[in-house]
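> sharing a model prediction with you, sequence too.
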Amino acid sequence: MTVETPTRFSPLAAWRDELAQLPAGLRATELPFLTQLTLRVRPGSPAAAAVEATLGITLPGPSGSEMAGDVKALWMGPDEWLLVAPEGQQDDLAGKLRAAIGDEFATVTDVSAQRTTLSLSGDLVRDVLAQGCAIDLDPRVTPVGSCLTTVLAQAPVTLVVREEAASAVWLLVRSSFATYLATWLVDACTEYRGSTA
Amino acid sequence: MQLIACPWCGQREETEFHYGGQAHIAYPEDPYALDDEQWAQYVFFRDNPKGPFAERWVHSAGCRRWFNALRDTVTHEFLAVYTGATPPSTTSTAPAAPQRKGQEASR
Amino acid sequence: MRPIDNAPDAHEDVLPDHPDFLWRNPDPKPSYDVVIVGGGGHGLATAYYLAKNHGITNIAVLEKGWLAGGNMARNTTIIRSNYLWDESSGIYEHSLKLWETLEEDLDYPILFSQRGVLNLAHSLQDVRDSKRRVYANQLNGIDAEWLEPEEVAKVCPIVNTSQDVRYPVHGATYQPRAGIAKHDYVAWGFARRADEYGIDLIQDCEVTGLDIRGGRIHGVRTTRGDIAAGKVALAAAGHTSVLASMAGLRLPLQSHPLQALVSELLEPVHPTVVMSNAVHVYVSQAHKGELVMGAGIDSYNGYGQRGAFHILERQMAAALELFPVFARAHMLRTWAGIVDVTPDASPIVGATPVEGLYLNCGWGTGGFKATPGVGWCYAHTIATGEPHPYNAPFTLSRFTSGALVDEHGAAGVAH
Amino acid sequence: MNAPFRADGHGHVDRDITLSFTFDGTAYTGHRGDTLASALLASGVHHVADSIKYRRPRGILTAGVEEPNALVQIEAPFPEPMLTSTTVELYEGLVARGLSGQGRLSSEPDSARYDTVHAHCDVLVVGAGPAGLAATLTAARSGARVILVDELPLPGGSLLGSQERLDGAPSAAWVSDVVAELDTLPDVRVLRRTTAFGHYDDGLVLALEKRTDHLGAAAPEHVSRQRIWRIRAQQVVFATGAYERPVAFDDNDRPGIMLAGSARTYLNRFGVLPGRRAVVFTTNDSAYPAALELADAGVRIAAVVDAREEVPAHWRAACDERGIDVRAGHVVTGTSGIERVSRAHVAAFGQGRPGERQGIDCDLLLVSGGWNPAVALFSQARGALRYDAAIGAFVPAQALACVRTAGAAGGNFTLAGCLADGADAAARALSALGRTGGPVALPATDPLPDAAPGRVLWRVPSPRDGADGSHQFVDLQRDALVSDVLRATGAGLRSVEHVKRYTTIGTAHDQGRTSGVMTSGIIAEALGVDVADMGTMRLRPPAVPVPFAAFAGRNRGELFDPVRVTSLHPWHVEHGALFEDVGQWKRPWYYPRAGETMDEAVLRECRAARTGVALMDGSTLGKINVQGPDAGVLLDRLYTNMMSTLKVGRVRYGVMCGVDGMAIDDGTVIRVAEQEYLLTTTTGNAARILEWMEEWLQTEWPDLRVHLTSVTEHWATIPLVGPRSRDVLALVAPELDVDNEAFPFMSWRDTPVAGIPARVCRISFSGELAYEVNVPAWDAITVWKALIAAGDSFGITPYGTETMHVLRAEKAYPIIGQDTDGTVTPQDLGMSWVVSKKKPDFVGKRSFAREENQRGDRKQLVGLLPADERTLLPEGAQIIATSDIPAPPVPMLGHVTSSYRSDALQRTFALALVRSGTQRIGETLYVPLDGQTVAVTVTEPVLFDKEGARRDG
């Protein structure tokens, strides 16, 4: 019998072409297979310090993110962060962190396949998001680096503002909602197509 | 639709939250020391005041944290949002929520 | 040009006139045998049946605002009895039987229209629960049927029974004898009759306290003075908790806003009543032609008689999934009532620990349809001091014993 | 047909663009910028429809949303019921008809798009009239984020309808300067054709933008037809203007009777003369400019009839100049006319009784009874109103912290006053935000003498003997008369809301804008009370009618509710699965082969699972990672059985109860490590159970050191079921020792499956030898295909939820929510074994001790075997004790919760909740169906492999 060589399928793989054909002003691409770990640790605790030392970053405060390095940290809650790293690092990273945490009370959970990441950029991003997201994306209210776990249309998402005035954002969406969100996004763009989609 | 000041995430729309009913209803120290009527009080009976009400909310679509609020059930106005065991004095109308950068209080 | 002294042509969009006289506006007397707190449908019906069935007429009905201005004026007037449990179907079917003769009894055109009610099923579990209710209803002597999607389309052709929609209609329970009535006409019919019996209907009279001494009620304090009473019966729906607390009673009740809305007058398109718990729609087309719709319940406690906007948005989206033809109908007015909800979505009707103080509350979304039935049974309870068999199961003590009557499935709106 | 009533040199319509439309079957033309009403009036059409009750001809009373009369049904390009012709912007090809009563819905689906957009601002200004523009400019110049919404296509509001000048020039110049400046400011958004209709909590204002209606059939399909703006404003200024109020007199409903200010609007905004010969009936100054401007435009003003004893000298002088007859202390008592007013009856109005009446011929009767501030939105915002006896109207009592009115909406009726008030309101809004706006230079207005007080007059007593207002209309839309109001008060009604319901006044689309306050006044007169004590009708949202479709927005069809799918979904679709909706999930229900019925397909899938090997997609199961030193303690408190004693590497089944002791969920718990568990929930309860656990953890036991993390969608779950499952697994998991001793029942192993790191659990929801393969979701398709390839020679068969249900039912494994209904305890399910006797407490335990839980005759889960083994009992069927059905109410013993055809048993069977079920085993009970009863034997719930021999293969 034959076993196929492993080939992964990301939640939005089937949408690659359609997402590539959005109107000018909106570019959307899936960043599949990123390493994603949920880190739960009390801020300011020895464990938190150990984690920060290991990652070489300061864990961001409420509604913030640390996007500079290879390992990015998204604030998810008062003692919760989502660590995002390039594909395939979940075991190494989790191992390093657990070692650093030692016997302290802090936990690391691999959730890499729980969400996929959609990168949006262009002048239309803010307008399109305004069709389904109640968050005020004015840069004076939601500056670059903001990380908001909220609702877009009817899908739970984590929204990371990458560039000024939300001209570039990350949308982290649960895998089972990805198709719905893509459908919604494409439909939201009808407005800007200049002709019947 | 109300804006609710999550103590952690700041003002968000009501639809991001789930309602938890009356706050400060502790699980009985020893349920078996209670007779059925006292137990029923814990299980089923809640205050239902017209006016300020200490209640619980959870920011389900956000940080998933439970918190308490003092809310006027007539005006729907949130008089206070807090995480402690007792509400601040009802005169305080400032949400305990840290506002995000640049965010202005809405009342 | 037609002289307007002539009778108008018969149009379904014109309602029958109200009578030339409805009720006196008496000042409160110092004392009554029975004081009913709450001049809504339940309070007025209770007063009427106390007089009619039990000969008790020295009664005051106290209303803090205007008669029937609370949930009676704010509900969607759906009348049915196809509830799941014996206890519920008992009192609701009793009520439905009374509805069937109420117009003659009250000699008032209450426009009771037995156009049938459909409860749609949108999932396999909906189907199981619905059929369970139908089989139980049939054995309880209630006219209930299960309809397959194509039969649903026959009863209500505008329902979208296509199977390739987000939540297809898998079928529906149908109660042909169910229907709607005109709520103001019902309330005023009871009020006029009560007034004819000499019962005092006292408006702008808010109860501010209960006079309880030695474990017994002696009267009420009101914004129009103290009133002595042999018995006091609460019929205040969403405000019951507030009143009960005056007696030191804590009840298993939470008050929530429940919204409803109407469209403009439309040519007849909707021949029946359609309810869908799964997608939170219930809609009928009233006598003048307006669509009357109920929305979902707001999750939080509220006395503001105001609901949230997102509830209406969701409501309209769901309505258009079921009734695509409604797309360009217009929402004319929305409003909210305050429904008092119990943990098992069933009412509490009966005595309280305070002698002479009676309780009728917790009807949630079921209050209007129960109006004559609960009025009848509550009057019996007040007059005899013993519960009527139909309200006997709905005690306060069931929450202690655990003998709940869980009607969440059939209550009409998932709470 | 040309337009005989167009006035040259007036109006803002574009006369270079002529639009053809059809009304009541007749073709007309109008211009871009017309409303349907103005185009009809330009063509001399006044009679728009007949009234709802008395079928009297009705015309056009107003020029805006307050119109009670001139309703139309749009027929083309797409049917829309009941619009006011005064707000329908004219477009090429419009087909409409006058509407009496009921509108018509199209039976065709509406293909137009609708959408919703969120917006945020510091200051929202509603209304682009003088007050609104002054407010917007003031707020905008401070650098604040400002949104201005206005219902008209052109800015200017009331300025469009008057000839008042600003800085000595036509006001249009100032308006366009302001708008030009606003357009240059990045933080200002101006929304035209946008009507605010709702004010909800915390500054949420809803507004409807009509984006393409004015384009008719030319509307581009890709642009939403209408859009709801959800505007979240820190501060709101309602510069919503005022509605003119008529006066009731006999036959006050004829076509050609119009509010004075509206006639002025038709002249100045649309360049339309509403008539040739007019009588003006007023109680206040505001009708004089209307009379004068119309006179100057060529309308013969036969008389100005002023109810006041004194007419201000300057107005009288201006009328004298034009030869207009002014009759002070007079009123209009009635009218004559057939299809349109032809004569006004005028009489002196001395002691509140009309004297001898005199007829004045006219084709237009203009009426002004004063002005009602437009306070609907302010009062929605819970702003209090007070009655102002001087103007006979309800005005805002005082501003709210975040909401204020400006201009006529606040009872300020002069142009200069509106401008100043608008600027002031904005300044107050800014200071409430801690901002300071520089003073804005306001334009100079024409010098006007102080307005003389108006006379508050609700109705003119009928001169007819014994008349009772039976010809005096209050609510024209509802055909409600003064006599109806008097009948209501005579019937004992004292509250405006009662009178409203008795007469139906104010219940139409216009919510009584022109009739509400008049009604309060007439009631107050009748009862001899003060209007202030009477109050007025509650104005409810939406302030203007809004199409259902606009609320629904884009949440239609496939976007109505999210469709959640697993990573294996494309494979299921490819292989012909039919799907079951479970919550928002799409789950494969069964996989019919060509020509197979559902029964055949399910029996085949069951057979494969019991005799060979089968697999399903179990990925929708909720999965929660529980980590921390106190993980075991938390689970012990939430599950009915003991979890802390579970060994690492092992799996245990568990049930959770609510505090009331009723089962709420079940699933398996595996111990991953000393301080880590992974539990599963039912598909529908995943979110609920996580929230439930967090609630206890966060609010009750915050001291416990535990973290909960949802991993539902991280893991794909593939149950591999059947006697040959071990063989298949062995092929794809070469490193795993699949031997029964090495890998026993209720244990788990981490091992590569098809080269993918996987977690394999040996658990069974079917009673068969079975495994559950868990891999990261994105690897699922690889593993799934590998399993199918490996199982090919064993006839491996994919199965859906229906087969899963049959298999588990044969083993009496309950489905929470199907075999339970929130009233069932674990003991009722025959699962006392899962309820710990050792643990001192767990959630729900105390409730087991309640009276109702102690009764011997609780309903318990049992099996049912129909006497005829081909009879399939309907799920939900009730169970009774007797073979004949007694008269209702029939005592019911319970109901069928699950019922299937079993391939393994070669017969039908069911599970049921039956009163005293366990004591009835062996008894024959009856299930009534269609008037007959079906005999059934009560059995132990487990019907297949009672001794559990098959699970080890």
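Right, received. Where do you want to start?
> can you tell me the closest non-neighbouring residue to residue A:159?
Leaving aside its chain neighbours, residue A:159 sits nearest to residue A:148 (4.9 Å; criterion: Cβ to Cβ, 6 or more residues apart in numbering or on different chains). For every residue, glycine as well, the C-beta is placed using N, CA and C.
> looks to me like that neighbour is in a strand.
Yes: using DSSP: H, G, I helix; E, B strand; the rest coil, the assignment for residue A:148 is a strand.
> show me the contacts for it.
A:63, A:135, A:142, A:158, A:159, B:9, B:62 (Cβ atoms under 8 Å, 6 or more residues apart in numbering or on different chains).
> isn't the third one up against residue A:162?
This means residue A:142. No: counting by Cβ atoms under 8 Å, residue A:162 is not a contact partner of residue A:142; they are 11.8 Å apart.
> more neighbours: those two, which one.
More crowded of residue A:142 and residue A:162, by other Cβ atoms under 10 Å in any protein chain shown: residue A:142, with 23 against 18.
> phi, psi of the closest residue to that one other than its chain neighbours?
Counting by Cβ to Cβ, 6+ apart, residue A:142 lies nearest to residue A:161, which is 5.9 Å off, once chain neighbours are set aside. Backbone geometry at residue A:161, expressed as degrees, to the nearest 10, gives phi -80, psi 120.
> and the pLDDT at residue C:11?
pLDDT for residue C:11: 56.
> where does chain A have low pLDDT?
A:1-6, A:195-197 (pLDDT under 70).
> where along the chain do the helices fall?
If you meant another chain, say so; for now it's chain A. With DSSP state H as the criterion, chain A has helices at A:16-20, A:46-55, A:90-101, A:125-130, A:175-188.
> wrong one, I was asking about chain C
Using DSSP H, helices in chain C cover C:41-54, C:86-106, C:124-139, C:149-155, C:183-196, C:240-246, C:309-322, C:367-384, C:398-401.
> closest one to residue D:698 among those?
Across these, residue D:698 has its closest neighbour in helix C:309-322 (25.6 Å, Cβ to Cβ).
> hmm, the closest one touching chain A?
No: Helix C:309-322 stays clear of chain A (Cβ under 8 Å from any Cβ of the partner chain), getting no nearer than 9.7 Å.
> tell me the angle the helix or strand hosting residue D:501 makes with helix C:183-196.
Under the criterion of DSSP states H and E, residue D:501 resides in helix D:496-503. Orientation check (axes from the mean of the first three to the mean of the last three Cα atoms, to 10 degrees): helix D:496-503 against helix C:183-196 gives 110 degrees.
> helix D:496-503 and chain C in contact?
Yes: under the criterion of Cβ under 8 Å from any Cβ, helix D:496-503 makes contact with chain C via D:497, D:498, D:501, D:502.
> what's that helix packed up against?
helix D:482-490, helix D:516-527 (3 or more Cβ pairs under 8 Å, 6 or more residues apart in numbering or on different chains; DSSP states H and E).
> may I see the buried residues of the last one?
Right, the one you point to is helix D:516-527. The neighbour-count check on helix D:516-527 (16 or more other Cβ atoms under 10 Å in any protein chain shown) flags D:516, D:517, D:518, D:519, D:520, D:521, D:522, D:523, D:524, D:525, D:526 as buried.
> now those residues as JSON lines including distance to chain A and pLDDT?
Converted to JSON lines, the buried residues of helix D:516-527 look like this (distance: Cβ to the nearest Cβ, whole Å; pLDDT from 0 to 100):
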{"residue": "D:516", "distance to chain A": "34", "pLDDT": "93"}
{"residue": "D:517", "distance to chain A": "37", "pLDDT": "95"}
{"residue": "D:518", "distance to chain A": "41", "pLDDT": "95"}
{"residue": "D:519", "distance to chain A": "40", "pLDDT": "96"}
{"residue": "D:520", "distance to chain A": "39", "pLDDT": "96"}
{"residue": "D:521", "distance to chain A": "43", "pLDDT": "96"}
{"residue": "D:522", "distance to chain A": "45", "pLDDT": "96"}
{"residue": "D:523", "distance to chain A": "43", "pLDDT": "97"}
{"residue": "D:524", "distance to chain A": "45", "pLDDT": "96"}
{"residue": "D:525", "distance to chain A": "49", "pLDDT": "94"}
{"residue": "D:526", "distance to chain A": "49", "pLDDT": "94"}
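> closest to residue D:894 among the residues of helix D:496-503 next to chain C?
Nearest to residue D:894 among the residues of helix D:496-503 next to chain C is residue D:501, at 47.0 Å by Cβ to Cβ.
> against residue C:22, how distant is that closest one?
Going from residue D:501 to residue C:22 by Cβ to Cβ, to the nearest Å gives 11 Å.
> ditto for residue A:91
As judged by Cβ to Cβ, residue A:91 and residue C:22 stand 80 Å apart.
> more crowded one of the two?
The residue with more neighbours, out of residue A:91 and residue C:22, is residue C:22; 22 against 11, by other Cβ under 10 Å.
> and the pLDDT for the residue in the stretch 101-250 of chain C positioned nearest to chain B?
Closest approach of the stretch 101-250 of chain C to chain B (Cβ to the nearest Cβ) occurs at residue C:241, with a separation of 3.7 Å. What the model reports for residue C:241 is a pLDDT of 96.
> could you do the one 4 residues further on as well?
Reported pLDDT at residue C:245 in the predicted model: 96.
> look up the closest residue to it, ignoring the ones flanking it.
Once flanking residues are discounted, residue C:245 sits nearest to residue B:49: 7.7 Å by Cβ to Cβ, 6+ apart.
> surely the one you found meets residue B:71?
No: the criterion here is Cβ under 8 Å, and residue B:49 misses it with residue B:71 at 10.5 Å.
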